[in-house]
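Undergrad: Sharing a model that was predicted from the sequence below.
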Amino acid sequence: MALIRERLLWKLLLINVVPVIAVTILVIWLAIDKLAAGYFMALMKKYEISPTDIHQMFLTSIHYYLLWASAAALLVAFVLSYLLTRRVLKPLAQMNAITRDLAAGNYGVRAEIVTRDEVGQLGHSFNRMADSLERIERLRKNMVADVAHELRTPLTNLRGYLEALTDGVITPSPETLRMLQGETLRLVRLVDNLQQLARADAAREYLKREKLVVSEQIGELLGLYRPEFQEKGIRLETRFAGDADLVVADRDKLLQAVRNILDNCLKFTPEKGLVSITSHRCEGGIEVRFCNTGPGISADDLPFIFERFFRADRSRSRDVGGAGIGLAITRELIEAHGGKVAAESSATETCISITMPA
């Protein structure tokens with residue numbers, strides 16, 4: 001890296017210093033030879049002085065001092081250009097070193113910003129990229145750990161009970177078989193979630209768009225969820241604006257995105273709580289908001305709830321909190337339509353909003 005930096009430094013010096021000084025010296029030299037010398041000869045003739053020897057002495061003297069002045073100017077320009085160019089190249093060399101650290105997996109390094117010029121702006125952009133890479137890597141590690149945990153727990157249970165059944169330690173019973181079936185279904189649900197996430201990633205290429213009435217589509221889903229909401233004593237309120245009830249979207253994918261949000265509302269709304277669904281027209285199209293009462297999401301966790309396998313409470317059981325894939329699928333499906341998702345949360349309420357182009 002040091003060799004590359006030095007080569008670039010010398011190239012910039014040669015580009016900036018040598019041509020400028022050379023052109024300047026050439027212009028001055030020609031000006032003296034053509035203009036000053038001619039003017040000097042005219043003065044000599046005017047005052048009837050023999051110009052031959054004096055003219056040559058004049059040119060020799062001027063050329064002598066011009067060479068020394070040019071050498072001094074070249075030295076000063078070289079020193080100043082060297083210092084300034086080195087100052088400019090320092091953050092670039094630093095970012096070069098940091099790039100290698102990032103490639104090696106060290107995502108904690110950042111470029112030092114010392115100026116507000118284009119190089120400083122490049123440093124800010126570089127640091128934002130490093131922040132994004134660090135966040136993605138952290139989420140990736142969490143995802144791998146969570147998937148491993150999700151697979152290990154039911155597999156361990158299945159293995160233990162099957163070994164016990166094989167060794168005759170426990171006798172087969174309906175309760176044991178139901179428990180084994182539950183663990184198997186848990187694995188099936190996880191695999192299904194992963195498959196849904198993979199399909200959501202490719203949703204942009206397989207959209208079958210049609211005109212849909214938002215209130216009718218959500219009303220059909222609420223009819224399926226209403227018994228579960230009633231079982232927890234959760235009140236449902238809906239309010240759809242007349243001018244914000246028509247979108248062009250893939251029906252199955254839109255309903256899947258809404259279903260994932262309703263699943264969250266059902267899981268995290270306490271008994272006797274409230275879930276409200278409203279729609280209104282906004283600048284980006286039509287926004288549908290799903291708000292539920294209950295403990296809010298911390299400000300630190302809120303930006304990450306749409307990431308894969310992210311849970312605000314990592315100690316919560318997956319049977320209660322899910323695998324952390326639902327909202328990630330929702331984001332992929334809505335963004336595939338050209339829309340966007342957002343979340344807001346307070347101490348007593350959480351709102352998930354989806355915006356679809358009208």
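TA: Okay, I see it.
Undergrad: so after the helix or strand of the chain with the lowest mean pLDDT, what's the next helix or strand?
TA: Every helix and strand in the chain was compared by mean pLDDT, DSSP states H and E; the lowest is helix 318-321, with a mean of 46. The helix or strand immediately downstream of helix 318-321 is helix 326-336, counting by DSSP states H and E.
Undergrad: Could you list every helix and strand in contact with that next one?
TA: Under the contact definition 3 or more CB pairs under 8 Å, 6 or more residues apart in numbering; DSSP states H and E, helix 326-336 sits against helix 174-201, helix 251-268, strand 340-345, strand 349-356. Backbone N, C-alpha and C define where each C-beta goes, glycine included.
Undergrad: what are the pairing partners of the last one, and which direction each?
TA: Here the strand partners of strand 349-356, with direction, are listed using DSSP bridges: strand 285-293 (antiparallel), strand 340-345 (antiparallel).
Undergrad: in stretch 175-182, what counts as buried?
TA: Judged by neighbour count (16 or more other CB atoms under 10 Å), stretch 175-182 contains these buried residues: Leu180.
Undergrad: residues making contact with that stretch?
TA: Asn157, Leu158, Tyr161, Leu162, Leu165, Ile170 (CB atoms under 8 Å, 6 or more residues apart in numbering).
Undergrad: For the nearest residue to the second one once chain neighbours are set aside, the count of nearby residues, please.
TA: So the one you mean is Leu158. Leaving aside its sequence neighbours, Leu158 sits nearest to Glu183 (CB to CB, 6 or more residues apart in numbering; 5.3 Å). Glu183: 17 surrounding residues under other CB atoms under 10 Å.
Undergrad: who's in contact with Glu183?
TA: Applying CB under 8 Å, 6+ apart, the residues contacting Glu183 are Pro154, Asn157, Leu158.
Undergrad: Check the gap between the second one and Thr176 for me.
TA: So that's Asn157. Asn157 is 11 Å from Thr176, where distance means CB to CB, to the nearest Å.
Undergrad: Likewise for the last one?
TA: Spatial separation of Leu158 from Thr176 under the definition CB to CB is 11 Å.
Undergrad: got it, and Thr60?
TA: Thr60 sits 113 Å away from Thr176, taking CB to CB as the criterion.
Undergrad: same thing with Ile136?
TA: 43 Å.
Undergrad: now swap in Thr348 and tell me
TA: Going from Thr348 to Thr176 by CB to CB gives 43 Å.
Undergrad: Could you chop this protein up by domain?
TA: 2-106, 136-201, 208-356 (automatic domain parsing).
Undergrad: what residue ranges in the stretch 251-358 of the chain score low on pLDDT?
TA: The model of the stretch 251-358 of the chain has pLDDT under 70 over residues 308-324.
Undergrad: rerun at 50
TA: 314-322 (pLDDT under 50).
Undergrad: Low-confidence regions, the stretch 1-150 of the chain specifically.
TA: Low-confidence segments of the stretch 1-150 of the chain (pLDDT under 50): 1, 4.
Undergrad: No further questions, thank you.
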